[in-house]
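S.K.: I need the structure of the sequence given here:
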Amino acid sequence: MNEGLALFNEIGSSKFRSDLYNVCDYWGDWDARMSEVGFTNGWQYKQYLLNSLVMDSSQVKLYDALRREAWKEDWSERIKWDRLPSGFEYRDLKLPYRSPLHYQAHASLSVLRDDVDMSQFSSLRLQNTQPYFAAAWALNPNPQSNEATFRKSLIDAGSSEEHIAAARAVGVDPIGKAANLKEVKRSIQSVLVDKGLARPASGQIPSKWLVYGHDFGNGLLLCFCICEIQYRSYGKSVYRLSSIQSLVRNEHVMEAWGFPREHPWSMMEDPSIYSGYGVRDESSVPFYVHLAYELKSFQIKCEAFDAFFSSPARQ
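M.R.: This is a model prediction of the structure:
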């Protein structure tokens, strides 16, 4: 954080890169990165798709490149560019970003834009630009399909020894904790605050919310927020952890738990093909595995943005 601030003072805010959608280049293949630290669901699902009959396993590098470019295109449309701090000269960017890798796909889609509704068009766009999503759809997922069964097996593995070990490596012990705000706050404190990665927001926020911010020193912070911890009983205990990660301006940290229009990048998506964490938490163990996954993803994004903002401006 201090290095980012020093660089900001040295070269001025106008020199900071504004092409935020390129930040994914700094973490590479998300599912491979998470697999390296023990959160293997996305990587396993990717291998499942690659080994199916609808994909050519020799084209992995191309598939990964297409997928990353599709995220960049989508993010360039979601980011609220006019809400960035004044020093970010985004107007020189060609927005929305369109990748040369997807030129043919967009050309084909443009013909259909007036003939289908918005939701159908969005679905077609995903299938034409994200090869792994297209493969998942091609396998006709339904409650009886092999694809659905495999995804269920990933969810059921939330309490596995491998995932417990991965959570502990992050700094979260899933064993012996109740799924409540007090214990979640203790886990976040040990992972984010004690290690100097983020600071808790100071001031009045709703009692059920938690907000932590990583300051880049350029008017922007990446915030990790706990929005809700739910407990439901439908004949069995079911836990839910609702969290978001957003890129906000300094003056809006206290509102980072919500979705105000002023946020430059609200609710940053999980880039995983399919993580499956937190889908169905019937005990506190997978609940805390999910928390550890979210905290690790926040750490990776903080490191990626630190490197991104420290690189030369590119318009």
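S.K.: where do the helices sit along the stretch 101-250 of the chain?
M.R.: 103-112, 118-129, 131-138, 146-156, 161-170, 181-188 (DSSP state H, counting those that start in this stretch).
S.K.: dump these into JSON lines; add mean pLDDT, mean neighbour count and distance to residue 39 as well.
M.R.: Heads up, the C-betas are built off the backbone N, CA and C, glycines and all. Shown next, in JSON lines, are the helices of the stretch 101-250 of the chain (pLDDT from 0 to 100; neighbours: other Cβ atoms under 10 Å; distance: least, Cβ to Cβ, whole Å):
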{"stretch": "helix 103-112", "mean pLDDT": "91", "mean neighbour count": "12", "distance to residue 39": "30"}
{"stretch": "helix 118-129", "mean pLDDT": "88", "mean neighbour count": "15", "distance to residue 39": "24"}
{"stretch": "helix 131-138", "mean pLDDT": "94", "mean neighbour count": "19", "distance to residue 39": "17"}
{"stretch": "helix 146-156", "mean pLDDT": "94", "mean neighbour count": "15", "distance to residue 39": "11"}
{"stretch": "helix 161-170", "mean pLDDT": "98", "mean neighbour count": "18", "distance to residue 39": "5"}
{"stretch": "helix 181-188", "mean pLDDT": "95", "mean neighbour count": "17", "distance to residue 39": "16"}
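S.K.: residue 297: which of these is closest?
M.R.: Between residue 297 and the helices of the stretch 101-250 of the chain, the tightest spacing by Cβ to Cβ is seen for helix 161-170, at 10.0 Å.
S.K.: got a list of contacts for the closest one?
M.R.: 37-40, 157, 173-175, 191, 285-286, 288-289, 291-293, 295-296, 299 (Cβ atoms under 8 Å, 6 or more residues apart in numbering).
S.K.: now do stretch 180-195
M.R.: Here stretch 180-195 has contacts from 170-172, 177, 197-200, 208, 210, 212, 224, 226, 229, 241, 288, 291-292, 295, 298-299, using Cβ under 8 Å, 6+ apart.
S.K.: how far does it sit from the chain's center?
M.R.: 20 Å (Cα atoms, centre = their mean, to the nearest Å).
S.K.: could you do stretch 21-38 as well?
M.R.: Using Cα atoms, centre = their mean, the offset of stretch 21-38 from its chain centre is 10 Å.
S.K.: renumber starting at 24 from here on
M.R.: With the count now opening at 24, the last piece we talked about shows up as stretch 44-61.
S.K.: contact partners for the nearest residue to residue 160 once chain neighbours are set aside?
M.R.: Once flanking residues are discounted, residue 160 sits nearest to residue 150: 5.8 Å by Cβ to Cβ, 6 or more residues apart in numbering. Residue 150 makes contacts with 156, 157, 160, as judged by Cβ under 8 Å, 6+ apart.
S.K.: for the stretch 174-323 of the chain, which residues score under the pLDDT cut-off?
M.R.: 256-258, 281-284 (pLDDT under 70).
S.K.: strands along that one, start to end?
M.R.: In the stretch 174-323 of the chain, the strands defined using DSSP state E, counting those that start in this stretch lie at 222-223, 233-238, 243-256, 260-272.
S.K.: how much space between residue 85 and residue 93?
M.R.: 12 Å (Cβ to Cβ, to the nearest Å).
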